[in-house]
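**Q** My questions concern the predicted model and sequence given below.
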2 protein chains.
Amino acid sequence: MSSQSIVPIPADSPFSLANIPFGIFSTQSDPIPRPGVAIGEHILDLKLLAFEGIFANHGISCDVLKHTTLNAFAALGRPITSSVREYIQSLLSPSSTSPLHSNPSLLERCIVKQTEAMMHLPFDIGDFTDFMSSTTHAKNTHSGHGHGDVNVDMFDPPRAAPGRASTILPSATPVVRPVGHLPPQNHLSSGLPRGSSEGSVLAPTNELDVELELAFFVGVPTEHFERVPVEKAEEHIFGVVLLNDWSARDIQGPETLPFGAFNAKNFASTISPWVVTLDALEPFKVPHDIRKVPSYLADKGDMTYDISVSMEVIADGSTTDQRETGEARSSLRNSYWTFRQMLAFHTLSGCRMRTGDLIGTGTLSGEDQTSLCSLIEQRKHFPHRMFLQDMDEVILRGWCGTPQRGVGFGECCGIVLPARL
Amino acid sequence: MSSQSIVPIPADSPFSLANIPFGIFSTQSDPIPRPGVAIGEHILDLKLLAFEGIFANHGISCDVLKHTTLNAFAALGRPITSSVREYIQSLLSPSSTSPLHSNPSLLERCIVKQTEAMMHLPFDIGDFTDFMSSTTHAKNTHSGHGHGDVNVDMFDPPRAAPGRASTILPSATPVVRPVGHLPPQNHLSSGLPRGSSEGSVLAPTNELDVELELAFFVGVPTEHFERVPVEKAEEHIFGVVLLNDWSARDIQGPETLPFGAFNAKNFASTISPWVVTLDALEPFKVPHDIRKVPSYLADKGDMTYDISVSMEVIADGSTTDQRETGEARSSLRNSYWTFRQMLAFHTLSGCRMRTGDLIGTGTLSGEDQTSLCSLIEQRKHFPHRMFLQDMDEVILRGWCGTPQRGVGFGECCGIVLPARL
């Protein structure tokens, strides 16, 4: 890939010319957040190019690339954002008559090293929703929350829950261990029914967990009471990120009935900073395994994306730490629902979508023991794996096809800080 | 009251000089939404007064009263917003040296009839959360959603759920009957377990319901991972509105496990347009009945507000319609949790609050049959009461102490339109 761009691109970079993911960054010399695309180990500053008039003939108001979020740009819709992405690819291609090629001074000004940039949330996120997409995760986690009726089909109808938008964090933001209303003993070992909270205390969670997910951003909004059919759903999707839906399992237990997790999840969710567009994902479309779906979600063009994901827990920095930490590798192919089906189901009731709404897949666990995407699940097979300890770092990664294809998500990181008492 | 303002105030108005609730309105002649306060049957245009420099010596940047939402104003905090409200009271008082008194032309320009104004959402709402606050509602509704373990204490820990912010509507916005994934027959009569969805179909809800609630807006935001103790919670609360958390009970049944309602509630929630401040509510503080609370929510100054609420369903406009519709009258005193406790619990985990976040009490049902604040509950005692039909109008009302005290919420209305197939 490296020879195909005027910016050098390492062979194993997730940000090849075939990717061109969008993000919001700032630098020490210009601390105002602004749009950029990742290219190799660099960022192309789109705001600066917009001020230079580079996009003037490409069907967009350059103003949208001068904002502090991607909302206005993504709201333009895929025909326009796709065309801008293609034009950026041509700008970075050495074979073109790119103004960046002919103007080394401009190139120097608009290229920033990623190591010298700070990444921000790519969107102003209106609402966050998280789906249940893994049959394995459903079996592993929702037979243990104190409700007797575990034979309910978790995929008929699809299950999803509103989440907390105010605490979505960009990758690399530390996460403070939450305090919560805890049963008197660790419920996993106590044998108490999970609904019981007799003698509960306020204490830091002992069971801080990760959930490895993907999530997509809504681009084109919908109207109040508008229903989006499966076939039209991708017109409303801008792109995809990695998502770590941090969860405190001991806080979650007692609060699960009847509403699901609240304080167990509302303290933080971390996303990767670079939004990989559906256009970049297009070459990685693969058939979606036939599953039982309600007729209103039947999809003639039933395809998903071949996106691999992984999680790694790096134990608290101490090189002498020998404890067993979590790891997993899975795929979007383990998701019962496609992105199209998620958006179609979400708007079934007429629920309005706004640009920047974030919709998570839910934990992507597969059947294999190496593909369990949360620690609570891994501990069933690897009892020595511990929940997250203070100063542990969690790193999620994602890539399409093989890593060599050059279309990846980079990393979604977060380090755990001690609770504040 | 009428003699105490330079604007005439009907004796039964909820918007006396003792209230001064804030809202966002527009008019035909000036369609840009702007802040105002309700006074009798009129609105005092705060943006116009800000442009006139009326607030110049009152410790605020006048800019915040020129915005299209109340967010910037409410974020200033209670010492400042209280002082502005008091100053507005003095402006409207005939005994003062009010510039409105001495300048009839200014008074004429800054007073708008409510009937000539359109009301908008008062805040840009970041996140919406709904609590469970009524023991009666918990018993009535959460023993019927297919989970066996109904002996769980729904108030230990407190229960709350994230809701959908994008579909919060200002009063008077029509609500389109949602379509959803429905069991083959009405589950209330079929005897099917509520989790079962065999043979489900996509159809308009047959069980559209109302939930009569109050809700408060966050004023001063919190930091990530900051915990707000009960005693400090009111510093972060700007004011209170009525909330109708529309619910489709037949859609809700199958989707309840394990996450709670999703499409059953995400299509619409309606709020009253005038935000009654905690300052206006202060004279109506009453002791909060002693209830069992976790130690971290124990409150030495355990007070709630004496706010009465009512709901009325007006059958589809046909004067010949003799069917029995819903009605109820209840009180915030039926809430297990105070506003202080709700905010304290919400931030226990460190969940960040933003200005404009909306937190609902949950359905305020009392034990009495006349105080059941949803139709699904009323139907247990009044089987002939029907769920909402197309063109039915729901009107919620709220007032403090007796109606004659002049501090009320006005109305929160919504009419049901037929489903879009």
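**A** Ah, there it is.
**Q** Got the confidence number for residue A:402?
**A** Here the pLDDT value assigned to residue A:402 is 85.
**Q** Ok, residue A:61 next?
**A** 67.
**Q** Ok, residue A:259 next?
**A** pLDDT at residue A:259 comes out at 88.
**Q** wait, doesn't it sit right on residue B:157?
**A** No - look at residue A:259 against residue B:157 with C-beta atoms under 8 Å: they stay out of range, at 11.4 Å. (Glycine included, C-beta is placed from N, CA and C.)
**Q** where exactly do the helices run in chain A?
**A** A:46-51, A:71-74, A:78-92, A:99-102, A:104-110, A:135-141, A:187-190, A:249-255, A:278-281, A:339-346, A:375-381 (DSSP state H).
**Q** among these, which is nearest residue B:303?
**A** In terms of C-beta to C-beta, the element of the helices of chain A nearest to residue B:303 is helix A:249-255, at 26.1 Å.
**Q** Distance from the chain centre to that closest one, please.
**A** 24 Å (C-alpha atoms, centre = their mean, to the nearest Å).
**Q** and if you look at stretch A:341-355?
**A** 18 Å.
**Q** The residue nearest to residue A:75 when sequence neighbours are not counted: what's it in contact with?
**A** The shortest distance from residue A:75 to any residue other than its chain neighbours is 4.3 Å, reached at residue A:355 (C-beta to C-beta, 6 or more residues apart in numbering or on different chains). For residue A:355, the contacting residues are A:71, A:72, A:74, A:75, A:123, A:126, A:218, A:219, A:220, A:221, A:238, by C-beta atoms under 8 Å, 6 or more residues apart in numbering or on different chains.
**Q** Take these and keep only those in strands.
**A** Among the contacts of residue A:355, the residues falling in strands (DSSP state E) are A:218, A:238.
**Q** okay, the contacts of residue A:355 in TSV with pLDDT and distance to residue A:380 next?
**A** Formatted as TSV, the contacts of residue A:355 follow (pLDDT from 0 to 100; distance: C-beta to C-beta, whole Å):
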residue	pLDDT	distance to residue A:380
A:71	98	41
A:72	97	46
A:74	97	40
A:75	97	43
A:123	98	36
A:126	98	36
A:218	98	35
A:219	98	39
A:220	98	41
A:221	98	41
A:238	98	36
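**Q** Separate out the buried members of the contacts of residue A:355.
**A** The neighbour count (16 or more other C-beta atoms under 10 Å in any protein chain shown) marks A:71, A:72, A:74, A:75, A:123, A:126, A:218, A:219, A:220, A:221, A:238 as buried among the contacts of residue A:355.
**Q** and of those, the nearest to chain B?
**A** residue A:126 (5.5 Å; C-beta to the nearest C-beta).
**Q** so that closest one touches residue A:354, yeah?
**A** Yes - with contact defined as C-beta under 8 Å, residue A:126 and residue A:354 form a contacting pair (4.2 Å).
**Q** ok, residue A:201 - how many residues close by?
**A** 13 (other C-beta atoms under 10 Å in any protein chain shown).
**Q** ditto for residue A:298
**A** 10.
**Q** and the end-to-end length of stretch A:17-28?
**A** 26 Å (C-alpha to C-alpha, to the nearest Å).
**Q** I am finished for the moment; much appreciated.
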